[in-house]
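K.L.:
I'll drop the sequence and a predicted model, then ask my questions.
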Amino acid sequence: MAWFVYIARANTGRYYVGITTNAEERMREHNSGKGSRFAINQGPFELVYASDAFIGKSEARKRELQIKKWTREKKEKLINGEWK
């Protein structure tokens, strides 16, 4: 099963980084009030980035944790295709 890292932008402008097997479905879940406390409190969300597929969940999770540590500016470069 393929896994993806995604970044969603909240109404407040904050970014949410997560993993999923289906980014569009995950956005629907976030925007319907399901998911993390952050998602419930910060939504609605717009999907602004989805990675290439990872073969396993653990690889996607490693990348998610890496991106979560990045600065806002670095995340925005990734979103804009200026960083990998």
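P.N.:
Nice, thanks for sending it over.
K.L.:
Which positions in the worst-scoring helix or strand of the chain on mean pLDDT come out as buried?
P.N.:
Lowest by mean pLDDT, DSSP states H and E among the helices and strands of the chain is helix 37-42, with a mean of 74. For helix 37-42, a neighbour-count test (16 or more other C-beta atoms under 10 Å) marks 39, 42 as buried. For every residue, glycine as well, the C-beta is placed using N, CA and C.
K.L.:
Could you do stretch 76-84 as well?
P.N.:
Within stretch 76-84, the residues that count as buried by 16+ other C-beta under 10 Å are 76, 78.
K.L.:
now do the same end-to-end measure for it.
P.N.:
Length of stretch 76-84, first residue to last, C-alpha to C-alpha, to the nearest Å: 11 Å.
K.L.:
got a list of contacts for it?
P.N.:
7, 48, 49, 67, 70, 74 (C-beta atoms under 8 Å, 6 or more residues apart in numbering).
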